[in-house]
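Q: Please work out how this folds:
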Amino acid sequence: MNHVPRFWSAAYGPDRSPITRFLARRALAVRAFVYDLATADHQPFASL
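A: Residues are numbered from 1 along each chain as shown. Below you'll find the model as predicted:
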């Protein structure tokens with residue numbers, strides 16, 4: 001990801017309430033997880 005997400009200012013801005021910052025940080029974490037999942041190499045794993 002080469003751009004700053006939209007939630008960045010809400011997640012790390014000092015003028016936001018703690019609950020807003022928490023929810024924005026969770027949204028950023030979910031977004032990063034979904035991005036990683038979408039770009040992952042989906043090769044089946046088998047160990048024998």
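Q: Determine how far the lowest-mean-pLDDT helix or strand in the chain lies from the middle of the whole chain.
A: Lowest on mean pLDDT, DSSP states H and E among the helices and strands of the chain sits helix 8-12, with a mean of 85. Its chain's C-alpha centre and that of helix 8-12 lie 12 Å apart, by CA atoms, centre = their mean, to the nearest Å.
Q: Residues contacting it, please?
A: Contacts with helix 8-12, where a contact means CB atoms under 8 Å, 6 or more residues apart in numbering, come from Arg16, Thr20, Arg21, Ala24, Arg25, Ala27, Leu28. Heads up, the C-betas are built off the backbone N, CA and C, glycines and all.
Q: what residue ranges in the protein score low on pLDDT?
A: For the chain, the stretches flagged by pLDDT under 70 are 1-4, 42-48.
Q: Show me where it has its helices.
A: 8-12, 18-39 (DSSP state H).
Q: Can you tell me which of those helices is most buried?
A: helix 8-12 (a mean of 15; mean count of other CB atoms under 10 Å).
Q: Please save the CA atoms from that helix in PDB.
A: What follows is helix 8-12, C-alpha atoms only, in PDB (Å, rounded to 0.1, in the frame of the first residue of the first chain):
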ATOM      1  CA  TRP A   8      -5.300   7.500   9.200                       C
ATOM      2  CA  SER A   9      -6.200  10.900  10.600                       C
ATOM      3  CA  ALA A  10      -9.000   9.500  12.600                       C
ATOM      4  CA  ALA A  11      -6.900   6.800  14.000                       C
ATOM      5  CA  TYR A  12      -3.900   8.900  15.000                       C
END
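Q: start to end distance for stretch 5-20?
A: End-to-end distance for stretch 5-20: 15 Å, by CA to CA, to the nearest Å.
Q: distance between that stretch and the chain's centre?
A: 14 Å.
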